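> quick check, what structure comes out for this input:
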Amino acid sequence: MGSQYFDIKPVAGRIGAEIIGVNLSSNLSDDIISDIRKTLVKHKVIFFRDQQQLDADGQVAFARRFGEVTTAHPTVPSLPENPEVLDLNYGRTTSRANSWHTDVTFVDRPPLGSILRALDIPPTGGDTIWANSVTAYQDLPIHLRNLADQLWAVHSNKYDYATAFDLPEYAKAYRAVFTSTVYETLHPVVRVHPESGERGLFIGGFVRQFRGLSTTESDDILRLLQAYITRPENTVRWRWQVGDVAFWDNRATQHYAIADYGDQPRHVQRVTIVGDLPVGIDGKQSEAIKGDASEYNRREAVTA
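You can find the predicted model right below:
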């Protein structure tokens, strides 16, 4: 699939493409937005270089072309002047997210997608890697695929604080805020993509346990399935430049921000788009166990 409005340059064999010839701060036509969305669904993560003219307001406005925009985060405060923008100043105010995850899967409606804008990037290090969870599912041997098809996982933002003693004070404070309200949600391990119909593994760093299995059994199976997602064949690595924008399909990817830049600054800002309830291959939807994310997703709270 190509576009008459911009060039598409694949970055890796199974995931990732750069879109060339689009100024995100301009008033883009509905046709261009439609082609960007099709490119996103196909390539899972898309990149735009040289978007220095785009500010936080423009980033939010661009995100709104793809759906309703969430508040910045269920627990972490937003920029004071931009309630939709999550400010991630790593090594200063934000704990480093150097683990494989899909954004905000601990709520019942995780974001459709995330749009990240680079403000300050270290001269070396600080890359981000994305993984294609659809091709990972396709890579599974049939017996593992049959197992994954039947599994449901509890996702939560609650950390194991036994691992947090050596963290710097700002990171401990950030984790305390991150877990100030505990969320738990039951999601299918194999999710059907609502636009493409593709099946993908929907797991990552917020998975705490599989339903009906012990924590030991869950940990072992999670490691096994994660190993397929993070195989090099299923990944793309992006070397950031100031002004870059990355837009990823949160329904079909995981990502990992590499913490290899020491004390150098790395400052990015994220906007997320409201998603739908994940659906498993049996047609059943995800269920919230703990925590009300209606304010985050700007939906009316459901009362019994």
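
> okay, CA-based contacts and neighbour counts for the rest of this
OK.

> what stretches of the stretch 51-200 of the chain score poorly on pLDDT?
Counting by pLDDT under 70, the stretch 51-200 of the chain contains low-confidence ranges at 91-97, 159-167, 170-171, 174.

> helices of that one, start to end?
Under the criterion DSSP state H, counting those that start in this stretch, the stretch 51-200 of the chain contains helices at 56-64, 133-139, 142-150, 169-178.

> including mean neighbour count and distance to residue 194, could these go into TSV?
Conversion of the helices of the stretch 51-200 of the chain to TSV gives the following (neighbours: other C-alpha atoms under 10 Å; distance: least, C-alpha to C-alpha, whole Å):
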stretch	mean neighbour count	distance to residue 194
helix 56-64	18	19
helix 133-139	22	13
helix 142-150	14	17
helix 169-178	16	29
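
> could you export those helices as a markdown table, including distance to residue 258?
A markdown table is the format used below for the helices of the stretch 51-200 of the chain (distance: least, C-alpha to C-alpha, whole Å):
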| stretch | distance to residue 258 |
| --- | --- |
| helix 56-64 | 23 |
| helix 133-139 | 19 |
| helix 142-150 | 28 |
| helix 169-178 | 16 |
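
> and those: which comes nearest residue 116?
Judged by C-alpha to C-alpha, the one of these that comes nearest to residue 116 is helix 56-64, at 8.6 Å.

> the helices of the stretch 51-200 of the chain: which one's closest to residue 192?
For residue 192, the closest of the helices of the stretch 51-200 of the chain is helix 133-139, at 9.5 Å, according to C-alpha to C-alpha.

> with only the CA atoms kept, save that closest one in CSV.
Output for helix 133-139, consisting of C-alpha atoms alone and laid out as CSV, is shown next (Å, rounded to 0.1, in the frame of the first residue of the first chain):
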residue,chain,number,x,y,z
SER,A,133,3.2,-8.5,18.4
VAL,A,134,1.3,-9.8,15.3
THR,A,135,4.2,-11.4,13.6
ALA,A,136,5.3,-12.7,17.0
TYR,A,137,2.0,-14.5,17.3
GLN,A,138,2.4,-15.8,13.7
ASP,A,139,5.8,-17.2,14.7
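
> mind giving me the packing neighbours of it?
strand 199-201, helix 215-229, strand 253-257 (3 or more C-alpha pairs under 8 Å, 6 or more residues apart in numbering; DSSP states H and E).

> can you give the contact residues for that helix?
The list of residues contacting helix 133-139 from outside it, by C-alpha atoms under 8 Å, 6 or more residues apart in numbering, reads 14, 145, 198-202, 228-229, 234, 252-254.

> recalculate using a threshold of 7 Å.
Residues from elsewhere that reach helix 133-139, judged by C-alpha atoms under 7 Å, 6 or more residues apart in numbering: 198, 199, 200, 201, 228, 229, 234, 252, 253, 254.

> what subset of the residues you listed is buried?
Buried residues within the contacts of helix 133-139, defined by neighbour count using 16 or more other C-alpha atoms under 10 Å: 198, 199, 200, 201, 228, 229, 234, 252, 253, 254.

> and the residue nearest the centre of the protein?
For the chain, the residue sitting closest to the mean C-alpha position, by C-alpha atoms, centre = their mean, is residue 103 at 3.4 Å.

> for residue 220, see how far away it is.
Distance of residue 103 to residue 220, given as C-alpha to C-alpha, to the nearest Å: 22 Å.

> and residue 256, by the same measure?
Following C-alpha to C-alpha, the distance that separates residue 256 from residue 220 is 21 Å.

> SS state for residue 251?
When states are read from DSSP: H, G, I helix; E, B strand; the rest coil, the local structure at residue 251 comes out as coil.
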